[in-house]
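# Here's my sequence, what's the structure:
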Amino acid sequence: MALDRYDRAILQALQRDGRLSNRDLAERVGLSAAPCWRRVKRLEDEGYIRNYIALLNPQKLDLTVFAFAEISLDNHHADTLEAFNEVVQSSPEILECHSVSGSFDYLLKIVEKDMQSYEHFLSGTLLQVPGIRSVSTMFSLKQGKVTRELPMN
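Numbers count the residues shown, from 1 in each chain. Below you'll find the predicted structure:
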């Protein structure tokens, strides 16, 4: 089903503040409460809204190192991919995993407390995965923009 302007306005508002009450959301998008609630429910049921989460401040949690690890695998056999995916899914330090085109196979976004913690994770976890040929890491020096909001054009 195509999204109309009200659906897009609802999605935009909830991206910015997922804790909006239905009344406040309805007022913000120009609907009455009941139709707004029905639209939100439909957007949830149709999978446009996957979840509601709290965005935490990493600095308050002493998580100061953001790393981007380029991963190259020896091969793409099922057992190699399974071992790699198992570590990715079970490691809370890995925030994102992208299969990419180019000179390496995967790009991981990793957060750690400090460089020593990152080195421990790299040598004790990532480099222990059978089938990982190489890991090349870039570190974020400054975050110019961080958002989870998707464009609503």
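
# all contacts plus neighbour counts: C-alpha atoms, from now on.
Fine.

# Would you map the strands across this structure?
Secondary structure of the chain (DSSP state E): strands at 65-73, 94-99, 106-112, 132-139.

# pLDDT averaged over the first one, what's the number?
So the one you mean is strand 65-73. Averaged across strand 65-73, the pLDDT comes to 98.

# ok now that strand, how far from the chain's centre?
15 Å (Cα atoms, centre = their mean, to the nearest Å).

# what about stretch 42-60, start to end distance?
One end of stretch 42-60 to the other measures 36 Å (Cα to Cα, to the nearest Å).

# Show residues contacting that stretch.
If you take Cα atoms under 8 Å, 6 or more residues apart in numbering as the criterion, stretch 42-60 is touched by D7, L11, G18, T64.

# hey, what's the most centrally placed residue in the chain bridged with?
Geometric centre of the chain, nearest residue: E96, 5.4 Å, by Cα atoms, centre = their mean. Per DSSP bridges, the residues bridged to E96 are K109.

# From V129, how far out is it?
From E96 across to V129, the span is 17 Å (Cα to Cα).

# and what of Q15?
36 Å.

# Pop the domain breakdown of the chain in here.
Partitioning the chain according to automatic domain parsing yields domains covering residues 5-45, 58-139.

# So which of these is nearest N153?
With Cα to Cα as the criterion, N153 lies closest to domain 5-45 of these, at 8.3 Å.

# average pLDDT across the closest one?
For domain 5-45, mean pLDDT rounds to 97.

# Ends of that domain, what's the gap?
Start-to-end span of domain 5-45 (Cα to Cα) is 18 Å.

# Ok, stretch 74-83 next?
Terminal residues of stretch 74-83 lie 12 Å apart, using Cα to Cα.

# Stretch 138-153 now?
Counting by Cα to Cα, you get 32 Å between the two ends of stretch 138-153.

# pLDDT on it, on average?
Here the average pLDDT along stretch 138-153 is 94.

# got it, and stretch 90-106?
Rounded mean pLDDT across stretch 90-106 is 98.

# What lies in contact with it?
For stretch 90-106, the surrounding residues in contact (Cα under 8 Å, 6+ apart) are E70, I71, S72, L73, V88, L107, L108, K109, I110, V111, E112.
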